[in-house]
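In: Provide a 3D model corresponding to the input given below.
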Amino acid sequence: MAEQKVSIRYAQSLLDSAVERNNLNDVYNDVKLIVSTLKNYPELRRVFINPTIRPETKTSILNEVFKEKVNGDTISFLNFIVEKSREDLLFSIMLKFIQLYNEHLSLADAEVRIAFDFSEEQKRALKENLEKLVNKKINFNYSIDPQIIGGFVARIDDTVFDASVSHQLEILKKQFIEGGASLN
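Out: Residues are numbered from 1 along each chain as shown. Got it, this is the predicted structure:
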């Protein structure tokens, strides 16, 4: 729990700094790159968690990997994290920053599973309805999942909207088992 609070505090600091310096979108893109890199290279994440690796080495690795790819404010922040011996929380801080960024701009990311590719009209209608429901602008990431048979399953933050045929069939099955469904 303490790590969570520390991650939020550092992420908020980065957000506030980016807003103050008017480079929020640049920093957001940098953070997305950092998160993606750390996800794709778990051995790099292990370097920052490992207490036996010296801070100077970690700073050198950060500069080598990111200096040419991110803006100066972001690289300074990464070096600051190492300086404060919080590099073990780097990934967590970056994820919290994305969350705070989305809250700051009333944005949300949605992971949407669909049985087959929706038409543009269906995607537009789904987007409009979900944005009204959560009162945020939503960035959609679609994936095909034939297991849901039809409809969709959308995860927005911690909320799941399950409008899939497989879910409806499961509900119907439970009602039959419990004797609550009638055929009339």
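
In: Residue 127 and residue 115: what is the separation?
Out: 18 Å (Cβ to Cβ, to the nearest Å). All C-beta spots, glycine's among them, are computed from the backbone N, C-alpha and C.

In: Now the helix or strand of the chain with the lowest mean pLDDT: buried residues?
Out: Least confident helix or strand, the chain: helix 165-178 with a mean of 87, by mean pLDDT, DSSP states H and E. Neighbour counts over helix 165-178 (16 or more other Cβ atoms under 10 Å) mark residue 166 as buried.

In: which helices and strands sit right next to that helix?
Out: strand 151-156 (3 or more Cβ pairs under 8 Å, 6 or more residues apart in numbering; DSSP states H and E).

In: quick check: mean pLDDT across the strand it packs on?
Out: For strand 151-156, the mean per-residue pLDDT is 92.

In: check which helix or strand covers residue 140.
Out: strand 137-144 (DSSP states H and E).

In: Just the buried positions in that strand, please.
Out: Applying 16+ other Cβ under 10 Å to strand 137-144 flags 138, 142 as buried.

In: so where's the protein shaky on pLDDT?
Out: For the chain, the stretches with pLDDT under 70 are 1, 180-184.

In: which residue ranges form the strands in it?
Out: Under the criterion DSSP state E, strands of the chain are mapped to 107-114, 137-144, 151-156, 159-164.

In: could I get these as JSON lines with distance to residue 43?
Out: Output for the strands of the chain, formatted as JSON lines (distance: least, Cβ to Cβ, whole Å):
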{"stretch": "strand 107-114", "distance to residue 43": "26"}
{"stretch": "strand 137-144", "distance to residue 43": "26"}
{"stretch": "strand 151-156", "distance to residue 43": "29"}
{"stretch": "strand 159-164", "distance to residue 43": "32"}
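
In: Of all these, which one is nearest residue 6?
Out: Within the strands of the chain, the stretch nearest residue 6 is strand 107-114; the backing value is 23.6 Å (Cβ to Cβ).

In: Name every strand pairing with that closest one and say which way it goes.
Out: Here strand 107-114 is paired, per DSSP bridges, with strand 137-144 (parallel), strand 151-156 (antiparallel).
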